[in-house]
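Chemist: Sequence first, then the predicted structure:
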Amino acid sequence: MKSKIKRFFLLALALVLAVSLSACESSGQAASSQVNTWKQVEKSKTIIWGVRNDTRLFGLMDIKSAKLVGFDIDLAKAITKQLLGKDGKAVLFQTSSKTKIPVLKNGNVDALMATVTITPDRKKQVTFSDPYFNAGQSLLVKSDSKIKSIKDLNKNGITVVAVKGTTAVANIHKFAPKARVLEFDDYGQCFTALKAGQGQAMSTDNGILAGIAAENKGYSVVGGTFTHEPYGIAVDKGQTEFAQKINQALKELKQNGTYNKLMHKWFDGIPGFSIKEAAR
């Protein structure tokens, strides 16, 4: 009887070990079976880019041509050609602030070129290229305003308009604690409030402010940037080879003058905006 019980337990133990080893093996295979995005891109000669369709100068749907236009759009196409040759194809997939990371994680796109700020939290989810646009918080004011920098906001009676729930609000409180912050739901409402005199300055990323200044005469971006929040190209977490290829393409585009040409195409002549600083 004891012999049978002992035999039963030995068989049960062997079964448990076998299942455990099988699970470990499956887990290891799953971990090592992540699709190599670069190899897929290289084979298909196609990169699917997640881009914005609502951000002037970077990615915006042009009503007349029904095409996406902007710095991000042109740079995505240039990187595609640099990596894959003249036959390389850039497919544009429209995203938003809320959807851009999910569509990348779900495999709907190969890379994001969508004004994605490089942050520690995002680095936990995605792998970033080197920065391609030196974004940072800045100020938009009327061109004849006495406000020239963040320091000028730290005076009694100054009101700054900003989008509700963004880091811009917290940064104004941090860098100009005496300023009053009036919050609105979106950039359109903020700018309307600025024009109506409800505030003396509007604050958010310099690139976004440049887009507003570009289509509204009498307004300027001032004071440079008082935060450092650069944009990077995002690929899925662990796609290091693809990120390295993108970095190499960016480097080559800067060396051959293409990057500088695109910067001037989209940002030249905007009052107060520094191309040199943004390209740094």
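Modeler: That came through fine. Numbers count the residues shown, from 1 in each chain.
Chemist: So if we follow the domain assignment, how does this protein break up?
Modeler: Following automatic domain parsing, the chain resolves into domains at 37-135+230-278, 137-222.
Chemist: Low-confidence ranges, the stretch 151-280 of the chain, go.
Modeler: For the stretch 151-280 of the chain, no stretch has pLDDT under 70.
Chemist: Do a quick rundown of the strands in it.
Modeler: Using DSSP state E, counting those that start in this stretch, the strands found in the stretch 151-280 of the chain span residues 159-163, 180-184, 201-205, 219-222, 231-236.
Chemist: Could I get those in CSV, plus columns for distance to T115 and mean neighbour count?
Modeler: C-beta coordinates here come from the backbone N, C-alpha and C atoms, glycine included. Formatted as CSV, the strands of the stretch 151-280 of the chain follow (distance: least, Cβ to Cβ, whole Å; neighbours: other Cβ atoms under 10 Å):
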stretch, distance to T115, mean neighbour count
strand 159-163, 14, 23
strand 180-184, 20, 17
strand 201-205, 8, 26
strand 219-222, 16, 23
strand 231-236, 5, 25
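Chemist: how close does the residue lying closest to R180 once chain neighbours are set aside get to T37?
Modeler: In space, and not counting its chain neighbours, R180 is closest to T159: 4.6 Å by Cβ to Cβ, 6 or more residues apart in numbering. From T159 across to T37, the span is 47 Å (Cβ to Cβ, to the nearest Å).
Chemist: cool, V126 as well?
Modeler: 12 Å.
Chemist: what do you get for A278?
Modeler: 28 Å.
Chemist: which residues in the stretch 1-150 of the chain form strands?
Modeler: Using DSSP E, counting those that start in this stretch, strands in the stretch 1-150 of the chain cover 46-52, 54-55, 59-62, 67-69, 89-95, 111-112, 126-133, 137-142.
Chemist: strands paired with the first one, and their directions?
Modeler: Partner strands and pairing direction for strand 46-52 (DSSP bridges) are strand 89-95 (parallel), strand 111-112 (parallel).
Chemist: Name the stretch among those that sits most buried.
Modeler: strand 111-112 (a mean of 28; mean count of other Cβ atoms under 10 Å).
Chemist: and Q34, how many neighbours?
Modeler: Neighbourhood size, Q34 [other Cβ atoms under 10 Å]: 11.
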